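Novice: Here is the input, now give the coordinates:
(2 chains)
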Number of protein chains: 2
Amino acid sequence: MTNMTDSSDSPGKANKKEESKTLPLKSDFSEWYNELLQVAEIMDVRYPVKGLYVWNPFGFSIRSRVYSIMRELLDNTGHVEAMFPLLIPEHEFMKEAEHIKGFEDEVYWVTHGGTDPLDVKLALRPTSETAIYPMYKLWVRSHSDMPLLIYQIVNTFRYETKHTRPLIRLREITSFKEAHTVHATWDDAAAQVKEATRIYQQFYNRLAVPTIVSKRPDWDKFPGADYTMAVDALMPDGKTLQVGTAHHLGDNFAKTFDITYEDPEGEQVLAHQTCYGVSERCIAALISIHGDNKGLILPPEVAPTQVVIIPILFGKDKAVLSACNNLSDTLKRAGLRVVIDDSDARPGAKYYKWELKGVPIRIEIGPRDLKNNVVVMARRDGDKTNVPNDNVLPEIDRTLKEMHSDLYKSASESLHSRIELCSDLDEVKDYIQSGIARIAWCGERSCGLEMEEIVGAGILGEPEDPALGKGDGTCPICGKPTGIVVLMARTY
Amino acid sequence: MTNMTDSSDSPGKANKKEESKTLPLKSDFSEWYNELLQVAEIMDVRYPVKGLYVWNPFGFSIRSRVYSIMRELLDNTGHVEAMFPLLIPEHEFMKEAEHIKGFEDEVYWVTHGGTDPLDVKLALRPTSETAIYPMYKLWVRSHSDMPLLIYQIVNTFRYETKHTRPLIRLREITSFKEAHTVHATWDDAAAQVKEATRIYQQFYNRLAVPTIVSKRPDWDKFPGADYTMAVDALMPDGKTLQVGTAHHLGDNFAKTFDITYEDPEGEQVLAHQTCYGVSERCIAALISIHGDNKGLILPPEVAPTQVVIIPILFGKDKAVLSACNNLSDTLKRAGLRVVIDDSDARPGAKYYKWELKGVPIRIEIGPRDLKNNVVVMARRDGDKTNVPNDNVLPEIDRTLKEMHSDLYKSASESLHSRIELCSDLDEVKDYIQSGIARIAWCGERSCGLEMEEIVGAGILGEPEDPALGKGDGTCPICGKPTGIVVLMARTY
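Specialist: So this is what the prediction gives:
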């Protein structure tokens, strides 16, 4: 008998060879990350095309839970889910000049159906503005049609020529959640951009990932947007990962795609739009920020297995097995995701395996525990304790909640300890080796570009949080006094 | 105040123009189908590429519920979900000769990234054998790795040159559920094919859609398979719609992709495989089989809105509105999906709208009902009754269950009344204008092909159900006596 049919275990076979390898230390972040994805069975990187990866069942199960949270947050804020085609005809794709410029080098083109050349080349969507907005032209008629808040979760494609990396820089982004909204006024659209970043921060809180919202400098905004707000997470190696963006599109696309509505006075006027997106980078952040030298640490809400029960057996001890089964039943009835590992492996090998998989709580039950009416509970990121039998369920419940808030707290402290106000660009250059530098900026494009040039890293922009984004200083280039502070960091 | 933020209503704006059109009669099935998809806001067919359609939020919400059922059934039978890339390199795609022959005319090719031609052309998956099996080669090592039961739900592509039709014949199949399994022996794989059709029939039962399982004739099997079992539904126009297939791949692909395992004796032997799939045709069947002249009729389990409450107001009657709100709260607490339509439209217009959308139950509450302590309950496919206030929840619950079984029963009777044993091919030719003909067949390929030629329609194959597939007769071509009866029908 085995209870190990849980999806968290099934692909165990998949990457067998790797399981015997030891994980590099997390201090070698890049190697740790690549190796962990493979051995913990998040992704298989051996697919025979650069930049395309396979979601293992275990990884996919995390993905499903993460995107359920996203759907819940969007559905609860008036969004509805839809789905638009992948293939965009060249003439639609080429309509918006700024937009094309931003994407033309990165677009995959379908040119043939069977052996015949197509009459009209088809782009694989790198993002869906040009697929969706011709429909919005048909859908938006009157001011009462707005706001229109639609999202989809789809695969998108970028012909990346740079170094690719699973979940982070992909040729097939398998899990792009993109929302596209239409509003009567510019101000309504601006409010929606704010709402979008608020939703994204809530989303990342649910993953115990602290984030910073900044307004990207003008030269780094989305092609075709009035402005771009971005959500960044700080990775263990001190580089930031852009894990969400929200763009105010003004009426730029409305002009191109002729999206107008009849205002209350009966006039046809241009609509205003926003779009905002999150990709599977959310899972890259989740894995990277919480994991440790032993492997994954998963926040309980997204862990495919929340509790693993390990019988400590000397021979076949029926009483121990039956205690494990009873506890498993109790926990499952309470809605927890539980696996009993009664395989033949040694306990040490089992601990290793389930720690690698990031299971939040491990329960051990042996003959002595039975006698003492306790179980041993080990928290993935903490200590072992004895828990009296009659208190196991409430204690697990409490511990899972506590673990989430501890993970968030620790990640948040780590983030904030790696943000530093710098007084000149030499300090910035030095500081960004390990974190995010704050530095005064006058707001002039020429100064900003020069700062990036000197430091050799990007300006994330002006953070929304006034505690980070305000402060008196002088621009390091022109020397003008300014109240604006921007963030600079090495970025993925 | 409005409670109409439910996703079932939101895209109401979307296809406004069409709402005023009247739906063609269902007896004009083809027109009824196309029009219904648009006015009920399942799909928007106006996307500017042939064979690509847009899922409206309302349609997408049905899709989500339908595919949840599929996931539940697969997850409960040992399958795990994963995800493989869309793009297949030419050299992998071209490995299996039979398979290529079956698909080469239908494959879309990506030839350019940006403005550069790619070194290796990439196929958009028409189905994923050639994307998945190179990974299975790496994943399958020992007999203990099997059965490997993996599925994914993804978009796939076919360059259809024939007439396309939403949900039925598509260039982008947006919702292809494909399972790919690996087994130690041919017999294990055969048992899995049986299990797959059993799961599919359960799935269709949940949609109240009766189906027939047949073994496709050899010339109509999946390219590269040993044999193909298919699940067919009967559409209102008498044509059958293939709504699921399960293929026994033998060791054909295992040979090509070198998928071997170590058997208990330590020998490397070829694995055996199956694959089976269902596309959004399941939703085409669901819509077509249950709908009527007024629009959709949705089985309660997949209806985005299960109960619509319509206040019958003369002026603003607070007591009526508050009774509607109270009932809505009660029903929602019981887990039902409820909308109150307190818009300014006339009751008749509201009935029309929600009938079009297929909402299973409509509740009306007016001042007189309040006085009498009743509500009026109208079943989408039946009558109006008065229900005493204290019995509304149990009565709704009962009615929803009854409605599901009535829908299934009625569809099943309709299916079986349109299957007829025919004694010669003239009869077949005549009968298939309205349904499925049963006809004896000796089993010889040449006779079968001649039968198809004469009748001008396809042999679905030998049905699994012995009540349909057995019977003494003589082959209409060669005159040999035979115990096999096959089904013939016009097909989509």
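Novice: ranges for the strands of the stretch 101-250 of chain A?
Specialist: Taking DSSP state E, counting those that start in this stretch as the test, the strands found in the stretch 101-250 of chain A are A:108-113, A:116-124, A:148-157, A:172-183, A:212-215, A:227-234, A:240-250.
Novice: May I see those arranged in a markdown table, with distance to chain B, mean neighbour count and mean pLDDT as well?
Specialist: Backbone N, C-alpha and C define where each C-beta goes, glycine included. As requested, those are exported to a markdown table (distance: least, CB to the nearest CB, whole Å; neighbours: other CB atoms under 10 Å in any protein chain shown; pLDDT from 0 to 100):
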| stretch | distance to chain B | mean neighbour count | mean pLDDT |
| --- | --- | --- | --- |
| strand A:108-113 | 3 | 21 | 97 |
| strand A:116-124 | 7 | 17 | 96 |
| strand A:148-157 | 6 | 22 | 98 |
| strand A:172-183 | 5 | 24 | 98 |
| strand A:212-215 | 27 | 24 | 98 |
| strand A:227-234 | 23 | 24 | 98 |
| strand A:240-250 | 20 | 25 | 98 |
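Novice: So for residue A:326, which of those strands sits nearest?
Specialist: Closest to residue A:326 of the strands of the stretch 101-250 of chain A, according to CB to CB: strand A:172-183, at 38.3 Å.
Novice: which other helices and strands contact the closest one?
Specialist: helix A:57-75, helix A:129-139, strand A:148-157, helix A:186-206, strand A:272-278 (3 or more CB pairs under 8 Å, 6 or more residues apart in numbering or on different chains; DSSP states H and E).
Novice: before we move on, the earlier item: need the strands of the stretch 101-250 of chain A in a markdown table with distance to residue A:319, can you?
Specialist: A markdown table is the format used below for the strands of the stretch 101-250 of chain A (distance: least, CB to CB, whole Å):
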| stretch | distance to residue A:319 |
| --- | --- |
| strand A:108-113 | 60 |
| strand A:116-124 | 59 |
| strand A:148-157 | 47 |
| strand A:172-183 | 45 |
| strand A:212-215 | 53 |
| strand A:227-234 | 47 |
| strand A:240-250 | 48 |
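Novice: Tell me which residues touch residue A:225, please.
Specialist: Counting by CB atoms under 8 Å, 6 or more residues apart in numbering or on different chains, residue A:225 makes contact with A:247-250, A:252.
Novice: Quick check: phi and psi at the spatially most central residue of chain A.
Specialist: For chain A, the residue sitting closest to the mean C-alpha position, by CA atoms, centre = their mean, is residue A:282 at 0.7 Å. Note on residue A:282: backbone dihedrals following degrees, to the nearest 10 are phi -60, psi -30.
Novice: Nearest spatial neighbour of it, chain-adjacent residues omitted?
Specialist: Excluding its sequence neighbours, the residue lying closest to residue A:282 (CB to CB, 6 or more residues apart in numbering or on different chains) is residue A:243, at 5.6 Å.
Novice: show me what contacts that neighbour?
Specialist: Listed by CB under 8 Å, 6+ apart, the contact set of residue A:243 reads A:200, A:204, A:209, A:211, A:231-233, A:278, A:281-282, A:285.
Novice: Pick out whichever of those sits closest to residue A:390.
Specialist: Set against residue A:390, the nearest of those by CB to CB is residue A:209 (35.6 Å).
Novice: Check the spacing between that closest one and residue A:145 real quick.
Specialist: To residue A:145, residue A:209 is 35 Å away according to CB to CB, to the nearest Å.
Novice: do the same with residue A:476
Specialist: Residue A:476 sits at a distance of 48 Å from residue A:145 (criterion: CB to CB).
Novice: Would you mind telling me which of these two has more residues around it?
Specialist: Neighbours per residue (other CB atoms under 10 Å in any protein chain shown) separate residue A:476 from residue A:145, with residue A:476 holding more: 22 against 19.
Novice: was I right about the more buried one contacting residue A:426?
Specialist: No - look at residue A:476 against residue A:426 with CB atoms under 8 Å: they stay out of range, at 9.4 Å.
Novice: Against residue A:381, how distant is the residue lying closest to residue A:433 once chain neighbours are set aside?
Specialist: Nearest non-adjacent residue to residue A:433, counting by CB to CB, 6+ apart: residue A:238, 6.2 Å away. For residue A:238, the distance to residue A:381 equals 22 Å [CB to CB].
Novice: can you give me the strands for the stretch 301-450 of chain A?
Specialist: Listed in chain order, the strands of the stretch 301-450 of chain A (DSSP E, counting those that start in this stretch) span residues A:307-311, A:338-340, A:361-365, A:374-379, A:384-388, A:419-421, A:436-440.
Novice: contact partners of the first one?
Specialist: Meaning strand A:307-311. A:317, A:320-321, A:323-324, A:327-328, A:331, A:336-342, A:347, A:350-351, A:354, A:359-366, A:396.
Novice: Among those residues, name the ones in helices.
Specialist: The helices, defined by DSSP state H, take in A:320-321, A:323-324, A:327-328, A:331, A:347, A:350-351, A:354, A:396 from these.
Novice: In PyMOL, select just the buried ones from those residues.
Specialist: Burial among these is assessed by 16 or more other CB atoms under 10 Å in any protein chain shown; the matching PyMOL selection reads:
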select buried, chain A and resi 320+321+323+324+327+328+331+350+351+354+396
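Novice: near chain B too, which of the ones in helices among the contacts of strand A:307-311?
Specialist: The subset of the ones in helices among the contacts of strand A:307-311 within reach of chain B, by CB under 8 Å from any CB of the partner chain, is empty.
Novice: can you list the domain ranges for chain A.
Specialist: Following automatic domain parsing, chain A resolves into domains at A:59-288, A:305-414, A:419-489.
Novice: Need those in JSON lines (columns: distance to residue B:311).
Specialist: Rendered in JSON lines, the data for those read as follows (distance: least, CB to CB, whole Å):
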{"stretch": "domain A:59-288", "distance to residue B:311": "21"}
{"stretch": "domain A:305-414", "distance to residue B:311": "37"}
{"stretch": "domain A:419-489", "distance to residue B:311": "43"}
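Novice: Mean neighbour count, those domains: which tops it?
Specialist: Highest mean neighbour count among these (mean count of other CB atoms under 10 Å in any protein chain shown): domain A:59-288, with a mean of 20.
Novice: Next one: the closest residue to residue A:286 other than its chain neighbours from chain B, what distance?
Specialist: Once flanking residues are discounted, residue A:286 sits nearest to residue A:207: 4.8 Å by CB to CB, 6+ apart. From residue A:207 across to chain B, the span is 20 Å (CB to the nearest CB, to the nearest Å).
Novice: Let me know which of the helices and strands packed on strand A:172-183 is the nearest to residue B:270.
Specialist: Closest among the helices and strands packed on strand A:172-183, using CB to CB: helix A:57-75, at 23.6 Å.
Novice: Which SSE is immediately downstream of that closest one?
Specialist: Scanning forward in sequence from helix A:57-75 by DSSP states H and E, the next helix or strand is strand A:80-81.
Novice: Which helix or strand in chain A has the lowest average pLDDT?
Specialist: Sorting the helices and strands of chain A by mean pLDDT, DSSP states H and E puts helix A:16-19 at the bottom, at a mean of 43.
Novice: Out of the contacts of residue A:225, flag the one nearest to residue B:295.
Specialist: residue A:249 (35.6 Å).
Novice: Check the gap between the closest one and residue A:275 for me.
Specialist: According to CB to CB, residue A:249 stands 6 Å off from residue A:275.
Novice: likewise residue A:330?
Specialist: The gap separating residue A:330 from residue A:275 is 46 Å, by CB to CB.
Novice: Kind regards, and thank you for your time.
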